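A.B. asks: turn this into a model:
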Amino acid sequence: MALHLLLLLAFSLLFAVATPIRDITDDVCSSQIKDFQHLNSTGLHLELHHPRSPCSPVPVPADLPFSAVLTHDDARIASLAARLAKTPSARPTSLEDDAAAAAGLAGSLASVPLSPGASVGVGNYVTRMGLGTPATQYVMVVDTGSSLTWLQCSPCLVSCHRQSGPVFNPKASSTYASVSCSAQQCDDLSSATLNPSACSSSNVCIYQASYGDSSFSVGYLSKDTVSFGSTSLPNFYYGCGQDNEGLFGRSAGLIGLARNKLSLLYQLAPSLGYSFTYCLPSTSSSGYLSLGSYNPGQYSYTPMVSSSLDDSLYFIKLSGMTVAGSPLSVSSSAYSSLPTIIDSGTVITRLPTSVYSALSKAVAAAMKGTSRASAYSILDTCFKGQASRVSAPAVTMSFTGGAVLKLSAQNLLVDVDSSTTCLAFAPARSAAIIGNTQQQTFSVVYDVKSSRIGFAAGGCS
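C.D. replies: Next up is the predicted model:
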């Protein structure tokens, strides 16, 4: 870490022009985008796509096995577990040494497109974000479990992973500005990234966003105009990454939607309000992320639960599950034996061990007419066939307050190859997590102002 910062700070005045790369916008899909905008006349709506959709921002790598998605997913679970345990990053750091090294050297609603991140080599969803003046579009991971938004910036003084589309060039934006070490936002980094900031010899604030799976981004805290479609907002604070390594696929960076003053949600809230809604689509449809107002009457709600473990994550309380109309054979206390997080970046839902075991047995019993298949990676309840073709039982997940997710076969099972489908659940480690497979096709609203999360079926298909 200290060496990386030395390199970063030694060349802090060098900003090279990024190599032009063709824009990823697919003209073939433009008519679909226009059609989707008409769904809500009060704001701009842009499409979200599954990675196997023909309109996905970038194609799925032909040789990407589903086991790679599961490996990334397990690494994310390790990252969340480390956060909840308040353990240091797996990457060796000495921030005191880093600081010493540094001393030496519009509208009521905006909506953006989302696409499942397997299309850029990761398992969570992505969107296009515009940055700078003139604006350039970037494919970004959307993460409800992170606060600071960051993206790779030229000249990538230490390391940049391969990304789809152009690397952001601060020199090309007339509205770009670095953030000084004395700015309040520099002090706010410690709560947003769980790491203290550092300061360059030219008084530029340096951030470090590190994750429990050893992924990280280090760079300059910056501000610029951010845009989503035709909606632009100035003075958006984000990280301009100069050393970015880990499981980010081919995305340009990450958009943070957690409960923190540096997240995208909180920075846009004065204009758009403290809520956002998304629908994560299947392969055959489009979905969306909307920031701002929503129709409250269409949702069933569960309260957000306060937790001393991490006040930026979205905790809720799972209260029960049924399979084919029958409750699982576990005590009601089993569901609350671990804290429960809802997370857009986790693919496979994790349940308390006793709940998962009961679910696995009940689903297997209900599908006794379907041939079993061998376990696949972390998934141990597998069947021959595809989710769309097997006879799967009706499964519900209930939450305090009355919210219910009625899972279709595609929410319950995940196809791991052309001949095998598996139960899209696994045992939890230190926290239960409601992943994005179970959320798929539901409209999910995070109403932070009212401290509640709502679900509505049929948000997209």
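A.B. asks: remind me, longest strand of the chain?
C.D. replies: strand 231-245 (DSSP state E).
A.B. asks: what packs against that one?
C.D. replies: helix 2-10, strand 125-131, strand 150-152, strand 216-228, strand 253-256, helix 264-272 (3 or more C-beta pairs under 8 Å, 6 or more residues apart in numbering; DSSP states H and E). Where you see a C-beta, it was placed from the backbone N, CA and C, and this is true even at glycine.
A.B. asks: give me that answer again for 6 Å
C.D. replies: Packing contacts for strand 231-245, counted by 3 or more C-beta pairs under 6 Å, 6 or more residues apart in numbering; DSSP states H and E, involve strand 150-152, strand 216-228.
A.B. asks: could I get these as a markdown table with mean pLDDT, distance to Pro166 and mean neighbour count?
C.D. replies: Output for these, formatted as a markdown table (pLDDT from 0 to 100; distance: least, C-beta to C-beta, whole Å; neighbours: other C-beta atoms under 10 Å):
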| stretch | mean pLDDT | distance to Pro166 | mean neighbour count |
| --- | --- | --- | --- |
| strand 150-152 | 96 | 10 | 27 |
| strand 216-228 | 94 | 15 | 24 |
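A.B. asks: surely Ser319 and Thr396 touch.
C.D. replies: No: applying C-beta atoms under 6 Å, one finds Ser319 not in contact with Thr396, separated by 10.9 Å.
A.B. asks: between these two, which one's more packed in?
C.D. replies: Ser319 (18 against 14; other C-beta atoms under 10 Å).
A.B. asks: how near is the more buried one to Ser232?
C.D. replies: 42 Å (C-beta to C-beta, to the nearest Å).
A.B. asks: what sits against Leu257?
C.D. replies: Contact analysis of Leu257 by C-beta atoms under 6 Å, 6 or more residues apart in numbering lists 144, 263-265.
A.B. asks: do that again at 8 Å, thanks
C.D. replies: Contacts for Leu257 (C-beta atoms under 8 Å, 6 or more residues apart in numbering) come out as 142-144, 146, 263-265, 276, 344, 446.
A.B. asks: pick out the lowest-pLDDT one from those.
C.D. replies: Looking at the contacts of Leu257 by pLDDT, the weakest one is Val142, with 85.
A.B. asks: which residues does it bridge with?
C.D. replies: Going by DSSP bridges, Val142 is paired in beta bridges with Ile255.
A.B. asks: picking up where we left off before, would you format the helices and strands packed on strand 231-245 as JSON lines with distance to Phe442 included?
C.D. replies: As requested, these are exported to JSON lines (distance: least, C-beta to C-beta, whole Å):
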{"stretch": "strand 150-152", "distance to Phe442": "28"}
{"stretch": "strand 216-228", "distance to Phe442": "22"}
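A.B. asks: just checking, Leu265 touches Val448?
C.D. replies: Yes: using C-beta atoms under 8 Å, Leu265 is in contact with Val448, at 6.9 Å.
A.B. asks: shared neighbours, these two?
C.D. replies: Contact criterion C-beta under 8 Å, 6+ apart; residues bridging Leu265 and Val448 by contacting each: 259, 274.
A.B. asks: the protein: helices as residue ranges?
C.D. replies: Using DSSP state H, the helices found in the chain span residues 2-10, 30-37, 66-84, 95-104, 184-193, 264-272, 353-366, 409-412, 436-439.
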